[in-house]
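A.B. asks: I would like to see how this sequence folds:
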Amino acid sequence: MRYLLFFALAASLQARSLDVVIVRGADGAEEYGKKFTTQVEAWKTACAKGEVPVEVIEGEDSTTKLEKRIAAAKPDRSLWLVLIGHGTFDGREAKFSAEGPDFDAKQLADWLAPLKQEVAVIHCASSSGGFMRPLTGKGRIIITATKSADEVFYARFGEHFAEAIGGLLEADLDQDRQVSLLEAFRHASKEAAMFYENEGRLATEHALIEDNGDGTATRRELLEAPPADATLDGERAAQLVLVLSEEEKQLSDEQRNKRDALETALKKLKQQRSELGEDEYYAKLEKLLRELGAVYGSSRPAT
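C.D. replies: Predicted coordinates for the structure are as follows:
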């Protein structure tokens with residue numbers, strides 16, 4: 001019986017269908033280079049902890065490498081693209097400062113356009129807000145350290161995001177023993193804001209998140225005090241986690257995706273309750289709850 005339990009449990013701990021690609025940009029100055037290295041190492045540690053493959057792209061041909069890596073992305077695997085470095089804005093185009101040729105928002109959008117799988121872009125550089133609109137779309141989660149291309153000074157957002165994504169206790173807002181993309185975003189943007197407040201300085205970065213494909217991004221402040229009937233981002237980002245809790249590890253990627261879709265359907269159903277008759281509402285509710293229960297039931301080891 002013990003062996004049957006072991007093999008059933010092992011079968012449920014399936015490999016993640018997620019790849020993380022980190023682009024390390026040009027240092028600009030030694031002090032920033034050290035900060036970028038710290039962020040890259042934090043991401044690598046988090047990926048190892050989450051058992052997710054990670055690739056770091058850097059060097060003089062990093063722009064070419066990135067284009068080729070995106071083109072080679074496997075359609076059955078989600079992709080998280082993390083940009084760590086400096087950004088620039090010349091009044092027309094926002095660019096990421098690579099060690100070799102820089103690349104702009106339009107180039108990155110063109111490289112990502114053929115991908116059909118879910119893609120998350122976490123752009124931690126200054127001027128990253130200029131990448132927001134070109135990159136948004138269905139199946140995209142876009143996070144930027146700044147609200148516009150005009151915020152050109154060094155962004156501290158990425159330091160706190162890299163710290164949080166590995167499972168930082170203070171970032172786990174719902175206390176489910178894991179940190180989602182949304183939680184990491186909220187933690188990092190809050191910590192960045194506190195830095196400027198404590199220093200008595202005017203904030204030069206305001207992070208954004210967009211994950212519903214409507215092209216309108218959301219700031220942390222709106223998530224903490226949402227206006228009535230507002231359509232805000234963050235629902236999908238709240239479901240995506242790099243380092244899974246022990247409970248989440250019992251589900252396969254397929255089961256988690258089905259669970260996430262059912263939970264989204266439940267939220268939409270509750271919003272439609274006033275439009276439906278009571279019989280129809282409860283019939284649909286029961287069906288969704290039964291399907292949700294079946295997902296969790298199928299993850300339990302046989303005894």
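A.B. asks: now the helices: where do they sit in the chain?
C.D. replies: Secondary structure of the chain by DSSP state H: the helices cover 2-12, 30-50, 62-71, 105-112, 132-135, 157-164, 181-199, 220-224, 253-271, 278-297.
A.B. asks: Out of these, which is closest to V121?
C.D. replies: helix 132-135 (5.7 Å; Cβ to Cβ). The way it works is simple: take the backbone N, C-alpha and C, and place the C-beta from them, glycine included.
A.B. asks: What helices and strands are in contact with the closest one?
C.D. replies: helix 105-112, strand 140-144 (3 or more Cβ pairs under 8 Å, 6 or more residues apart in numbering; DSSP states H and E).
A.B. asks: From the centroid of this protein, which residue is nearest?
C.D. replies: Computing the C-alpha centroid of the chain and ranking residues by Cα atoms, centre = their mean puts L181 first, at 4.1 Å.
A.B. asks: Would you mind confirming that that residue is in contact with A120?
C.D. replies: Yes: L181 is within contact range of A120, at 6.4 Å (criterion: Cβ atoms under 8 Å).
A.B. asks: If W80 is in a bridge, with which residues?
C.D. replies: Here W80 shows beta-bridge partners V20, A120, assigned using DSSP bridges.
A.B. asks: coming back round to it: the helices of the chain: lowest mean pLDDT?
C.D. replies: Least confidently modelled of the helices of the chain is helix 2-12, at a mean of 34 by mean pLDDT.
A.B. asks: give me the number of residues near Q39?
C.D. replies: For Q39, the neighbour count with other Cβ atoms under 10 Å is 22.
A.B. asks: which residues does the closest residue to P53 other than its chain neighbours contact?
C.D. replies: Leaving aside its sequence neighbours, P53 sits nearest to D19 (Cβ to Cβ, 6 or more residues apart in numbering; 5.6 Å). Taking Cβ atoms under 8 Å, 6 or more residues apart in numbering, we find D19 in contact with 52-55, 73-74, 77-80.
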